[in-house]
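Visitor: A predicted structure for the sequence below; I have some questions about it.
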Amino acid sequence: MDRLPTHVTLVEVGPRDGLQNEAAPVATADKIELVQRLQAAGCREIEVTSFVSPKWVPQMADNARVMAGLERRPGVRYSVLVPNMQGLEAALASRPDEVVVFGAASEAFSRRNINCSVAESIERFRPVVAAAHAAGLKVRGAISCALGCPYQGEVSPEEVERVVALMKAIGVDHCGIADTIGTGTPRRVQAVMARALRHYPLVELSGHFHDTYGQALANILACLEMGVHTFDASIAGLGGCPYAKGATGNVATEDVVYLLRGLDIDTGIDLEALVDAGAYVSGLLGRAPASRAGRALLARRGVALP
């Protein structure tokens, strides 16, 4: 354990990846308030929204209004997801600090979802990356299904490394390894991260873990043991797993902060304020937070949960 990092950067993805998967619509003002609460709690990396067609993702149709309504704080990076050049052009007007592009490690997933090969899907982002860089923006890449696919099942470290290399080749600055269906386990995660580290330095590698099978915190600890010190997390565990009916999705930020605090790893995040933010957004959605730490700390305060 002596190799563990002393500081971890958490990328809060609840406002985008979390709310994007919610069936119930959330008002623009409430989305803005959630971001305000998250940054007040100390979150310094926030994935706010996505500039995708409202036909496909109606939950993010208010993307420009959300970005315009933010009270931006110095030292906070506001990122947005873009699927193509049209999305990037729309996003640039909202002045993000970073854009996120994405691809799958699984050929079956890529064919089924966007009707093209993995290589073709990544190549489509080449002009997006170039234009983002020209605008002075960092580009973060997310590789989904890196530890399992709902269509082909197992995904090998070799398949993941191929996509990591393709991301690097088009100029993507940061690589995120995502366990989209939550089937990854610690040794498998370490094997994939080792492959990614052949192409990206530790400072530009991150993990995005779903808790569908209860493995997310164990997988984060496995990454910490390798020196990986950047992770995505979602407030209150927002966002289900679309490929496993009723299953938990993103790992809850509160749970990750609780783990890291117990390891004496600094995040700069106030756990109690984070729990308040989780309770706020869960209240909007009419349910208790999916975060176990969040529920426990609220119960300790005597707060009744739905």
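Guide: Received it, and whenever you're ready, just let me know what you need. Numbering: from 1, shown residues only.

Visitor: what comes into contact with the longest helix seen in the chain?
Guide: Selection of the longest helix in the chain by residue count, based on DSSP state H, yields helix 271-285. The contact list for helix 271-285, computed with C-beta atoms under 8 Å, 6 or more residues apart in numbering, reads 14, 22, 24, 26, 30, 33-34, 37-38, 40-43, 235-236, 238, 252-254, 257-258, 261, 288-289, 291, 293-294, 297-298, 303, 306. C-beta here means a position set from N, CA and C on the backbone, and glycine is covered the same way.

Visitor: how about it: buried residues?
Guide: Buried residues in helix 271-285, counted by 16 or more other C-beta atoms under 10 Å: Leu271, Leu274, Val275, Asp276, Ala277, Gly278, Ala279, Tyr280, Val281, Ser282, Leu284, Leu285.

Visitor: now the helices for the stretch 51-200 of the chain?
Guide: 63-69, 85-92, 107-114, 118-123, 126-134, 157-169, 186-196 (DSSP state H, counting those that start in this stretch).

Visitor: quick one on the thing from earlier: CA atoms only for the longest helix of the chain, dumped as PDB, please.
Guide: The C-alpha trace of helix 271-285 is given here as PDB (Å, rounded to 0.1, in the frame of the first residue of the first chain):
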ATOM      1  CA  LEU A 271     -17.600  14.700   2.100                       C
ATOM      2  CA  GLU A 272     -20.500  16.200   4.200                       C
ATOM      3  CA  ALA A 273     -21.200  18.900   1.600                       C
ATOM      4  CA  LEU A 274     -21.000  16.200  -1.100                       C
ATOM      5  CA  VAL A 275     -23.600  14.100   0.800                       C
ATOM      6  CA  ASP A 276     -25.800  17.200   0.800                       C
ATOM      7  CA  ALA A 277     -25.500  17.500  -3.000                       C
ATOM      8  CA  GLY A 278     -26.400  13.900  -3.400                       C
ATOM      9  CA  ALA A 279     -29.400  14.200  -1.100                       C
ATOM     10  CA  TYR A 280     -30.500  17.300  -3.100                       C
ATOM     11  CA  VAL A 281     -30.400  15.600  -6.500                       C
ATOM     12  CA  SER A 282     -31.900  12.400  -5.200                       C
ATOM     13  CA  GLY A 283     -34.700  14.400  -3.800                       C
ATOM     14  CA  LEU A 284     -35.400  15.900  -7.200                       C
ATOM     15  CA  LEU A 285     -35.600  12.400  -8.600                       C
END
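
Visitor: what's the next secondary structure element after that helix?
Guide: Sequence order places helix 292-301 as the next helix or strand after helix 271-285, per DSSP states H and E.

Visitor: ok now that next one, how far from the chain's centre?
Guide: Distance of helix 292-301 from the chain centroid (C-alpha atoms, centre = their mean, to the nearest Å) equals 23 Å.

Visitor: good, we can wrap up now.
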